[in-house]
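Chemist: Sequence and computational prediction follow.
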Amino acid sequence: MNQLFRLRPSALLRQLPAPLALGLLLLSACNSGTEQSGGATATEGTTAAVPEPTNDTGSWYRQYRGLLPGTPDSVTLHLQRLGVEPGNDGPGRIVGFFAGPDGRPHELGGDTGSKGDSLNLRDLSRELAATVASGSDDNDDDPLEGNAEWLLKEEGTQLVGTHKGQPVRLRQLRAGTGIRFAARNFVADVLPRPDHPEDSIRGHRVMHALVPFMAPNQEVLAANILRGLHGDTVDTAPVPALDSIWREQLRAFTKDYRSDAAPLLAAAAKDKSKEYRPIETLAYEQEVNTYVLWNEGDLLSMGFFGYDYSGGAHGIYGTYVQSYDTRTGKSLRYDDIFQASAKPKLEKLLGQYARPSLGLGANEPLSKALMVKTLPVTRNVYLTGNGAVFVYLPYEIAAYVYGQISVFVPFSEMQGLLKPGLPVGETRAVAAR
């Protein structure tokens, strides 16, 4: 499994063991319009009003600004609502992030509540240490409203509610910071046997995508984000259209799903000794999402998330991360960020900064929580305005219960390790020394 961190979602999922492998994507889009171009590139000095991005139903990317309760520090919440699927009356999912006063990024996850009229968010970055300490995820079966750190409701263009029980009010930033996005949704159900409508199970495929809107170097940035979603390893690969990515991956999922499910359903239907019952483990699910991890100044970082359930006790998931210099639209991979000689020192820094997030003392061995004695330097890394975040997939360095593990290392600790010219002020200062 160690090779997995090198791969994009589509390649990653194809490399998983056969029972878990994502074939990738389903039938038809719930919104099948053409990919949005985002219009002309904005130029310096432009004063004309910029139109709002056109989002698919129930989805958006927004930024909100406000004071943290009890502190003089204001924060910007970057929030994304994943699209509402047709016929689904349950809560909508919310993902996002904010940077703390120390510059550390905090990833958020949650939903719109049982009535769909609120935002209930947990700080996912804080949950890992508790999970490691207990050896299990105590929040799996708990209602989110009972564990959320942020309990918010929309009032016009504001979010009003509580943060850790204290009153908070956040205002939506219309212009915002960084890149604006239009949100696109694709969803489809696939019959395991197209000529047997009596089959009650389905394969389910979802894709949520963000299209940059009115960005500097719009075409270059949009093309590289599409390449990331497609799973391409170089920025010179032909650029597929968003709808084409959906159709291509959907065909692959449909083929693999029917290859797995159809023979088993046919055999079950022929068994006259008992009443025919659908095999629930054949209700496969796959999902691919793009979401924002950092979006300020000249730096954009995004996650490409993939999930697959193809039978068994649970699904498998993972996030490939990617940063972009929005001045040029170009991707920033590991080799674009770090000097060739950086690996030995990075390995020591990762061990140092992983311990607090794992609930370990400075002198406790990593093997107390992980399956490794030293933390390898993953190339699955993205930048924030204050440091770098190294992302390890489930099973890569720890048991599945610990999930995906992210380790933040501040730029102040990486002097001499960074390449010059990165699109963050702090990195320019450090790299120039």
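Modeler: Yep, it's here.

Chemist: Please make it C-alpha for all contacts and neighbour counts, starting now.
Modeler: Fine.

Chemist: low-confidence ranges in the stretch 151-300 of the chain?
Modeler: Along the stretch 151-300 of the chain, the parts satisfying pLDDT under 70 run over 272-278.

Chemist: try it again with 80
Modeler: When residues are selected by pLDDT under 80, those of the stretch 151-300 of the chain lie in 268-280.

Chemist: Would you map the helices across it?
Modeler: Secondary structure of the stretch 151-300 of the chain by DSSP state H, counting those that start in this stretch: the helices cover 218-230, 242-270.

Chemist: right, so of those helices, which gets closest to M207?
Modeler: Comparing those against M207 with C-alpha to C-alpha, the closest turns out to be helix 242-270 (7.6 Å).

Chemist: Determine the angle, from 0 to 180 degrees, between that closest one and helix 218-230.
Modeler: On the basis of axes from the mean of the first three to the mean of the last three C-alpha atoms, to 10 degrees, helix 242-270 is oriented at 20 degrees to helix 218-230.

Chemist: Could you pull out the buried residues of helix 242-270?
Modeler: Under the neighbour-count criterion of 16 or more other C-alpha atoms under 10 Å, helix 242-270 has 242-243, 245-258, 260-262, 265, 268 buried.

Chemist: repeat for stretch 412-424
Modeler: Within stretch 412-424, the residues scored as buried using 16+ other C-alpha under 10 Å are M414, L417, L418, K419, P420, L422, P423, V424.

Chemist: Report the distance from stretch 326-336 to the chain centre.
Modeler: What separates the centre of stretch 326-336 from the centre of its chain is 19 Å, taken as C-alpha atoms, centre = their mean, to the nearest Å.

Chemist: Quick check: buried residues in it?
Modeler: Within stretch 326-336, the residues that qualify as buried are T326, G329, K330, S331, L332, R333, Y334, counting by 16+ other C-alpha under 10 Å.

Chemist: what do you get for stretch 64-84?
Modeler: By neighbour count with 16+ other C-alpha under 10 Å, stretch 64-84 contains the buried residues 64-66, 68-69, 75-84.

Chemist: do stretch 357-364 as well
Modeler: Buried, per 16+ other C-alpha under 10 Å, within stretch 357-364: S357, L358, G359, L360.

Chemist: how close does L119 get to Y257?
Modeler: L119 is 35 Å from Y257, where distance means C-alpha to C-alpha, to the nearest Å.

Chemist: correction: G110
Modeler: According to C-alpha to C-alpha, G110 and Y257 sit 30 Å apart.

Chemist: Put together a markdown table for the buried residues of stretch 326-336, with secondary structure, distance to T233 and pLDDT on each row.
Modeler: Below are the buried residues of stretch 326-336 laid out as a markdown table (DSSP: H, G, I helix; E, B strand; the rest coil; distance: C-alpha to C-alpha, whole Å; pLDDT from 0 to 100):
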| residue | secondary structure | distance to T233 | pLDDT |
| --- | --- | --- | --- |
| T326 | coil | 19 | 96 |
| G329 | coil | 16 | 96 |
| K330 | strand | 13 | 95 |
| S331 | strand | 11 | 96 |
| L332 | strand | 12 | 97 |
| R333 | coil | 10 | 96 |
| Y334 | helix | 12 | 96 |
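
Chemist: Make a markdown table out of those residues and add distance to E154.
Modeler: A markdown table is the format used below for the buried residues of stretch 326-336 (distance: C-alpha to C-alpha, whole Å):
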| residue | distance to E154 |
| --- | --- |
| T326 | 31 |
| G329 | 33 |
| K330 | 36 |
| S331 | 35 |
| L332 | 36 |
| R333 | 37 |
| Y334 | 39 |
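
Chemist: Nearest to R171 among the residues you listed?
Modeler: Using C-alpha to C-alpha, the buried residues of stretch 326-336 come closest to R171 at T326, 25.3 Å.

Chemist: check contacts around the closest one.
Modeler: Shown in contact with T326 (C-alpha atoms under 8 Å, 6 or more residues apart in numbering): A215, P216, N217, L221, D298, L299, L300.

Chemist: Who wins on neighbours among those residues?
Modeler: Within those, most neighbours by other C-alpha atoms under 10 Å means L300, with 26 neighbours.

Chemist: got a list of what that residue touches?
Modeler: Going by C-alpha under 8 Å, 6+ apart, L300 touches G178, I179, V292, L293, W294, S323, Y324, D325, T326.

Chemist: and L346, how far is that from W60?
Modeler: Applying C-alpha to C-alpha, the value for L346 to W60 is 36 Å.

Chemist: Straight-line length of stretch 100-117, end to end?
Modeler: The first and last residues of stretch 100-117 sit 27 Å apart, counting by C-alpha to C-alpha.

Chemist: How far off centre is that stretch?
Modeler: With C-alpha atoms, centre = their mean, you get 13 Å for stretch 100-117.
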